[in-house]
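Participant: predicted model and sequence below, questions to follow.
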Amino acid sequence: MAAALLSSRSGGRVEVTSAGSAPASSLNPAVVEAMAEVGLDISREIPKALSEDQACAADVVITMGCGDACPVFPGKRYLDWDLPDPAGLKVGAVRPIRDEIALRVDTLLAELLG
């Protein structure tokens, strides 16, 4: 959700990649539905594992509760967005998570882009 929102709201001014420390085998249908409600189609996305190369190339690494599973590189800026995991939740419970991520994305974009 964060990657789709950041990519969309930055208008291409921020390069975004998405990956996880323990990615699921498929997207959560409730997440896909919640994102479609705000005009973002993520249905073709495929969960992928975070590589060291991705983390090294990033200016900002946003984690969401991966703890020690996320690679840490000196000099990188890390933001840990401690949010509920939408796994297994219905769309009604995913919406507040999506909306909180959107608020954080907007704050980050304001900081990055001025």
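Facilitator: Yep, that arrived. Numbering: from 1, shown residues only.
Participant: pretty sure R98 is touching E33, no?
Facilitator: No: counting by Cβ atoms under 8 Å, R98 does not reach E33; the two are 10.1 Å apart. C-beta here means a position set from N, CA and C on the backbone, and glycine is covered the same way.
Participant: and those two? Which one has more around it.
Facilitator: Applying other Cβ atoms under 10 Å to R98 and E33 shows that R98 carries more neighbours, namely 22 against 14.
Participant: the more buried one belongs to a strand?
Facilitator: No: according to DSSP: H, G, I helix; E, B strand; the rest coil, R98 belongs to no strand; its state is helix.
Participant: contacting residues around it?
Facilitator: By Cβ atoms under 8 Å, 6 or more residues apart in numbering, the contact list for R98 reads 1, 5, 31, 34-35, 38.
Participant: do S25 as well
Facilitator: Residues near S25 by Cβ under 8 Å, 6+ apart: P47.
Participant: give me the neighbour count for the nearest residue to A19 once chain neighbours are set aside.
Facilitator: Closest residue to A19 apart from its sequence neighbours, by Cβ to Cβ, 6 or more residues apart in numbering: L50 at 3.8 Å. Neighbourhood size, L50 [other Cβ under 10 Å]: 21.
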